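A.B. asks: Structure for the following, please:
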Amino acid sequence: MDSVTLVQALDTIMQLPLEQQEMLIEIWYKRRIEARRREIAQDAQTSIEAFRANQYTPQPVGKIIAELRSSLDFSLDNENE
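C.D. replies: From the prediction side, this is the model:
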């Protein structure tokens, strides 16, 4: 199968009528959501399996909350860059 460059794909899309371009965007968006859901479900399954295999050690709630806050602060800082 021949590879299509981003520019070629965009050129092809721009040849579609506006209504079809909007449909394409909606279809692509919904597929991205589904792909992300599958990724999250796989991550959850992996975590459940690790938990059941006793691969996690108990930690104090305060430490977990601090790590989550730190992670959120890091994420927000990167979004602002």
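A.B. asks: which one's the longest helix in the chain?
C.D. replies: helix 18-52 (DSSP state H).
A.B. asks: continuing past it, what's the next helix or strand?
C.D. replies: Under the assignment DSSP states H and E, the closest C-terminal helix or strand after helix 18-52 is helix 61-79.
A.B. asks: on that earlier part again, what about the longest helix of the chain, average pLDDT?
C.D. replies: If you average the pLDDT over helix 18-52, you get 97.
A.B. asks: mind checking how far the residue positioned nearest the centre of the chain is from Gln42?
C.D. replies: Centroid-nearest residue in the chain: Arg36, 4.6 Å away (criterion: Cα atoms, centre = their mean). For Arg36, the distance to Gln42 (Cβ to Cβ, to the nearest Å) stands at 11 Å. (Each C-beta comes from the backbone N, C-alpha and C, glycine too.)
A.B. asks: Likewise for Ile64?
C.D. replies: 23 Å.
A.B. asks: any idea how far Gln55 is from Asp43?
C.D. replies: Using Cβ to Cβ, Gln55 is found at 14 Å from Asp43.
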